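Novice: My questions are about this predicted structure, shown below with the sequence.
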Number of protein chains: 2
Amino acid sequence: MAISTGAGDPDRTLPLLWRRELGVQTGSRGPKQRVSIDAVVEAALALAVDEGIEAVSMRKVAERVGIGAMSLYTYLPGKAELLDLMVDEAVGRAPREAGRGSTPRERLELLAREEYGHFRAHPWLLAVDVSRAPLGPGSSERYEYQLGLVEGLGLDDVDQDAVVALVAGFAASVARVAIESERTRRASGVSDEEWWGRNAVVLERVMDGSRFPLSGRVGQAVGERFASAISADYQFEFGLGRLLDGIDALLAEVRP
Amino acid sequence: MAISTGAGDPDRTLPLLWRRELGVQTGSRGPKQRVSIDAVVEAALALAVDEGIEAVSMRKVAERVGIGAMSLYTYLPGKAELLDLMVDEAVGRAPREAGRGSTPRERLELLAREEYGHFRAHPWLLAVDVSRAPLGPGSSERYEYQLGLVEGLGLDDVDQDAVVALVAGFAASVARVAIESERTRRASGVSDEEWWGRNAVVLERVMDGSRFPLSGRVGQAVGERFASAISADYQFEFGLGRLLDGIDALLAEVRP
DNA sequence: GAGATTAGCGTACGGCGTACGAAAAAGCTA
DNA sequence: TAGCTTTTTCGTACGCCGTACGCTAATCTC
């Protein structure tokens, strides 16, 4: 399933995202709301952490906050909007310490580590399709923070955007494979060794030496060097080094 | 949603993936199967292309091949395995022309363009969580092909793996944002201009000039330069340049 | 107090993956 | 040829999901 967001009407979603800035517009008549939107979002976040994003259903979220399932719809238009709020909240809580780096390279490296760590700590985030999610305070603040890391380096505006997108996208990309392999390992309840052992019987029948020579050699080397658990971490370190080298070359050209 | 795969038992999935190499093990007694696994996979692929991955349900796939929904379970253990087969099939069909590049840099550039183009052409692929998906013939052949592009450059086995993963991961990462923004644009049925116009009312109230100065300036520059449709394409070109610069620097060090 | 408004929520609908078991088809054995 | 065994087919059903609809009850305004 694609846990997707962004399908909601922006006219409905934006005021929800910026609810703290705009103030809650609740009617004065009728019964008071028994809980708050923040409590709903918080419950959904907790549920995602505890049981994974696919366990976040309207019924379960409602149960967590102590109201009926359909009562949720007096707080939110639907599930898509709830996911929007969850994502913006989580993005807004990512650390913002990369400004401490003393060189541009160091700042971008810290940014990449921050993003990587945040996605590893909140794996459900990458399982939500966020396509043109309405701009909320969390993602806006993070974007502003990221741009601040490359301000004044001689890059034009478009390339400032491109650099931070490149670094953040790289971190998300590696985090995604790390998370996916970790989740499957957990779900299957089988260690890497046993998993490969069970595969070996079939694979050896099929991979006669001549058909996949490089894969056989390289796959073995990778497998020997790393438990696949930490293979993603090496991917991250290796890729980050290359990426920062490439960005440094650009910065050297444009240095003001 | 996370349309997830890899939950299946590899003892069941691997023989399905390598069915052409191993031969189909169908019992001789009883009724003949009315269709083939290949027909099932093909129908699922067509369905994913026509209506998107979230429309791929067991009931609809069965209807497309002309059997009852529950009959599918005599071909496959479940939906997870069907997704495994779809992904491996689609990956195996990606073009493999990057070997024509005359320099390592050129080959990796072609690889990135190939991957990017393939994901753009088969957007449903990136919506499937493939975590430690059992190795099938399609992904095995592609991995072998990718490794061939960086063979003999002086990289050790582990870094050969890391380089191709970096380039392919980058392409997938940019393709993902391109696809997601395109899908949302289509789903909302609203042009970029109109979408921003509807957001502007709320955003202007909230983004007083002082809170997000960089975002405001850069966001405007990006918006003016690109319709957001082609913004991903610039991200790709920009990122690819930096990435290849960084890899080139490494290759210059290790050149044999 | 009367009326208007709004939150809460029970019920229900159409979708999903798939467990279960009956029916039917085909080959093997006697 | 008759009966048995194996295997495919598939109708029904269960428990999930998101959410449309409409009633009840709480609370403010007049």
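Specialist: In hand now; what should we look at?

Novice: Let me see the domain layout of chain A.
Specialist: A:3-91, A:98-254 (automatic domain parsing).

Novice: And the helix or strand bottoming out on mean pLDDT in chain A, what's buried?
Specialist: When the helices and strands of chain A are scored by mean pLDDT, DSSP states H and E, helix A:192-206 comes last with a mean of 75. Of all the residues in helix A:192-206, those buried under the rule 16 or more other C-beta atoms under 10 Å in any protein chain shown are A:192, A:195, A:198-199, A:202-203, A:206. Just so you know, the C-beta spots here come from the backbone N, C-alpha and C atoms, and that holds for glycine as well.

Novice: tell me which parts of chain A are close to DNA strand C?
Specialist: For chain A, the residues in contact with DNA strand C (C-beta under 7 Å from any atom of the strand) are A:26-27, A:29-35, A:67-71, A:73-75.

Novice: Could you list the low-pLDDT ranges of the stretch 1-150 of chain A?
Specialist: Regions of the stretch 1-150 of chain A meeting the criterion pLDDT under 70 cover residues A:1-10, A:130-133.

Novice: What are the boundaries of the helices in it?
Specialist: A:10-17, A:19-22, A:37-51, A:58-65, A:79-92, A:104-121, A:137-149 (DSSP state H, counting those that start in this stretch).

Novice: how about a markdown table for the ones you listed, with mean neighbour count and distance to chain B added?
Specialist: As requested, the helices of the stretch 1-150 of chain A are exported to a markdown table (neighbours: other C-beta atoms under 10 Å in any protein chain shown; distance: least, C-beta to the nearest C-beta, whole Å):
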| stretch | mean neighbour count | distance to chain B |
| --- | --- | --- |
| helix A:10-17 | 21 | 4 |
| helix A:19-22 | 14 | 5 |
| helix A:37-51 | 18 | 12 |
| helix A:58-65 | 17 | 14 |
| helix A:79-92 | 22 | 10 |
| helix A:104-121 | 19 | 11 |
| helix A:137-149 | 21 | 4 |
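
Novice: follow-up on the earlier one: hmm, which two among the buried residues of helix A:192-206 are most spread apart?
Specialist: Taking C-beta to C-beta as the measure, those span a maximum distance of 20.3 Å, between A:D192 and A:V206.

Novice: Now A:G152: which helix or strand?
Specialist: Here A:G152 is covered by no helix or strand, with elements defined by DSSP states H and E.

Novice: List the contacts of stretch A:198-209.
Specialist: For stretch A:198-209, the surrounding residues in contact (C-beta atoms under 8 Å, 6 or more residues apart in numbering or on different chains) are A:190, A:215-216, B:10-11, B:14-15, B:18, B:21-22, B:134-135, B:137, B:140.

Novice: Could you identify the most distant pair in those residues?
Specialist: Going by C-beta to C-beta, the pair spanning the contacts of stretch A:198-209 furthest: A:V190 and B:E21, at 24.0 Å.

Novice: Among the residues of chain A next to DNA strand C, which ones are in strands?
Specialist: Using DSSP state E, no member of these falls within strands.

Novice: picking up where we left off before, okay, angle between the least confident helix or strand of chain A and helix B:10-17 too, please.
Specialist: Interaxial angle of helix A:192-206 relative to helix B:10-17 (axes from the mean of the first three to the mean of the last three C-alpha atoms, to 10 degrees): 30 degrees.

Novice: Taking helix B:137-149 as reference, get the angle to helix A:192-206.
Specialist: Using the same axes, to 10 degrees: helix A:192-206 against helix B:137-149 is 90 degrees.

Novice: Using CSV, write down the CA coordinates of the helix or strand following helix A:192-206.
Specialist: Moving toward the C-terminus from helix A:192-206, the next helix or strand (DSSP H and E) is helix A:213-225. C-alpha atoms of helix A:213-225 as CSV (Å, rounded to 0.1, in the frame of the first residue of the first chain):
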residue,chain,number,x,y,z
PRO,A,213,31.0,-13.9,-12.1
LEU,A,214,31.3,-10.3,-10.8
SER,A,215,28.2,-10.6,-8.6
GLY,A,216,29.5,-13.7,-7.1
ARG,A,217,32.9,-12.3,-6.3
VAL,A,218,31.8,-8.9,-5.1
GLY,A,219,28.8,-10.2,-3.2
GLN,A,220,31.0,-12.5,-1.3
ALA,A,221,33.5,-9.7,-0.5
VAL,A,222,30.7,-7.4,0.7
GLY,A,223,29.2,-10.2,2.7
GLU,A,224,32.5,-11.1,4.4
ARG,A,225,33.3,-7.5,5.3
